[in-house]
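Undergrad: sequence unknown, structure follows:
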């Protein structure tokens, strides 16, 4: 067995109806809270959740300012706006309530408020890194997909540079992750599909990453099994609390996986797509490249791909590993079609003349280097071309 280590400092509070505990949780870490969400006017389905959170904060005696400027693919601009609100309050704790964008924005505000410069100055490769001055942050997830509630990552976009990158530092692990499946009952179908697919990607890529371990395989394959069993159900019937609960747990497992192992080729490509075309959600960006990625990679990782193939189709138990691995590619296509994510870069509005530019951007982050088969520049371009038109 290979040597490994596993680190996870986030307390997980899981269960239906537990959002009512958020005020008490926050009060353990601060008395003046910057509450970070999307605009409740634009995302009306989330307003009841925000109202519950605010009522709980008030009951616990926590003073708060509600910053509603988090946006999908959060930008450095919105983070700076939120930091100003937090500064005016004198916030001593950050609370992100929503999907990955809201939680990541809260993490970035916690850094920018307490350090010189902006959040963009503290990216994973920067010499300057967040310090212990960073505000503690609490995460309440309302989707099942990003895993941000249990990771040390805050993804952000610099619109001026058309670049998407991340702060990656253990100091921004949420102190507490509150996962209440009841909050996910009103998530729209498209968001349910794209975030749910992200769960699969987190788990599978963590397993494929060289930093994987027996622990990652244990929780990662369980997350994959849950997604394959339950994703179609929640896409078709979002009010199914049992299926929502299962996906919420799978999301948490996926987050725990990538926090300790990392991701691979598709996430680097997905980040590049999101940076250049911010209207494309992260989960959708992954769906765009996964068919090409699967066929490009499976022969270099027969074992994990075969396991996935057999989770998709238990009838492959008696088949060879090579056959089961190959069949996993077709099963992935079928899943994407079933949940409404079978699409292409062309259909998402990418100009064909930017193929080379996107391929180059896909190699900026080092995620592709952790793939079982490492792409050359020419191979990366071919992956983009295969993802451009179905």
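TA: Now that the structure is in, tell me what you want to look at. Worth saying up front: this structure is predicted, and the values here are computed from it rather than measured. Numbering: from 1, shown residues only.

Undergrad: how is this structure partitioned into domains?
TA: Domain segmentation of the chain under automatic domain parsing yields 11-184, 189-388.

Undergrad: as a markdown table, those domains with distance to residue 2 and mean pLDDT would be great.
TA: (Glycine included, C-beta is placed from N, CA and C.) Shown next, in a markdown table, are the domains of the chain (distance: least, Cβ to Cβ, whole Å; pLDDT from 0 to 100):
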| stretch | distance to residue 2 | mean pLDDT |
| --- | --- | --- |
| domain 11-184 | 22 | 97 |
| domain 189-388 | 7 | 97 |
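
Undergrad: tell me where the chain has helices.
TA: For the chain, helices defined by DSSP state H occupy the ranges 22-27, 47-59, 76-89, 100-112, 189-208, 214-236, 241-261, 265-276, 282-297, 302-312, 321-338, 355-361, 377-388.

Undergrad: could you save those helices as JSON lines and add columns showing mean neighbour count?
TA: Rendered in JSON lines, the data for the helices of the chain read as follows (neighbours: other Cβ atoms under 10 Å):
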{"stretch": "helix 22-27", "mean neighbour count": "21"}
{"stretch": "helix 47-59", "mean neighbour count": "17"}
{"stretch": "helix 76-89", "mean neighbour count": "19"}
{"stretch": "helix 100-112", "mean neighbour count": "31"}
{"stretch": "helix 189-208", "mean neighbour count": "26"}
{"stretch": "helix 214-236", "mean neighbour count": "20"}
{"stretch": "helix 241-261", "mean neighbour count": "25"}
{"stretch": "helix 265-276", "mean neighbour count": "26"}
{"stretch": "helix 282-297", "mean neighbour count": "24"}
{"stretch": "helix 302-312", "mean neighbour count": "21"}
{"stretch": "helix 321-338", "mean neighbour count": "18"}
{"stretch": "helix 355-361", "mean neighbour count": "18"}
{"stretch": "helix 377-388", "mean neighbour count": "18"}
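
Undergrad: I'd like to know which of those lies nearest to residue 65.
TA: Of all the helices of the chain, the one in closest proximity to residue 65, counting by Cβ to Cβ, is helix 76-89 (4.2 Å).

Undergrad: angle of the closest one against helix 100-112?
TA: Taking axes from the mean of the first three to the mean of the last three Cα atoms, to 10 degrees, helix 76-89 and helix 100-112 form an angle of 60 degrees between their directions.

Undergrad: next, name the residue at the spatial heart of this structure.
TA: Ranked by distance to the mean C-alpha position of the chain (Cα atoms, centre = their mean), the top residue is residue 146 at 2.4 Å.

Undergrad: does that one touch residue 102 like I think?
TA: No: with contacts defined as Cβ atoms under 8 Å, residue 146 does not count as touching residue 102, sitting 9.7 Å away.

Undergrad: tell me how far the closest residue to residue 336 other than its chain neighbours lies from residue 228.
TA: Using Cβ to Cβ, 6 or more residues apart in numbering and skipping residues adjacent in sequence, the residue nearest residue 336 is residue 342, 4.6 Å away. In this structure, residue 342 and residue 228 are separated by 16 Å, where distance is defined by Cβ to Cβ, to the nearest Å.

Undergrad: ditto for residue 91
TA: 41 Å.

Undergrad: equivalent analysis for residue 234, please.
TA: Using Cβ to Cβ, one obtains 12 Å as the distance from residue 234 to residue 228.

Undergrad: contact partners for residue 25?
TA: Each residue near residue 25 by Cβ atoms under 8 Å, 6 or more residues apart in numbering is listed here: 13, 138, 176, 178.

Undergrad: list the contacts for the second one?
TA: Residue 138 makes contact with 22, 25, 26, 29, 93, 94, 95, 96, 174, 175, 176, 178, according to Cβ under 8 Å, 6+ apart.

Undergrad: so what's it bridging to?
TA: Residue 138 has the following beta-bridge partners by DSSP bridges: residue 95, residue 176.

Undergrad: so for residue 1, what's the pLDDT?
TA: Confidence per residue is given as pLDDT, and for residue 1 that number is 85.

Undergrad: and residue 340, how many residues sit next to it?
TA: Residues lying near residue 340 (other Cβ atoms under 10 Å) number 14.

Undergrad: distance-wise, check it relative to residue 196.
TA: Distance of residue 340 to residue 196, given as Cβ to Cβ: 11 Å.

Undergrad: equivalent analysis for residue 256, please.
TA: When Cβ to Cβ is applied, the distance between residue 256 and residue 196 equals 17 Å.

Undergrad: so which of the domains of the chain comes closest to residue 3?
TA: The closest approach between residue 3 and any of these, judged by Cβ to Cβ, belongs to domain 189-388 at 8.5 Å.

Undergrad: measure the closest one end to end?
TA: Chord length of domain 189-388, first to last residue, is 24 Å (Cα to Cα, to the nearest Å).

Undergrad: quick check: neighbours shared by residue 340 and residue 196?
TA: residue 235.

Undergrad: related to what we said a few turns ago, just send the helices of the chain back as a markdown table, with distance to residue 5 too.
TA: Converted to a markdown table, the helices of the chain look like this (distance: least, Cβ to Cβ, whole Å):
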| stretch | distance to residue 5 |
| --- | --- |
| helix 22-27 | 28 |
| helix 47-59 | 35 |
| helix 76-89 | 31 |
| helix 100-112 | 23 |
| helix 189-208 | 15 |
| helix 214-236 | 9 |
| helix 241-261 | 8 |
| helix 265-276 | 22 |
| helix 282-297 | 26 |
| helix 302-312 | 21 |
| helix 321-338 | 29 |
| helix 355-361 | 32 |
| helix 377-388 | 31 |
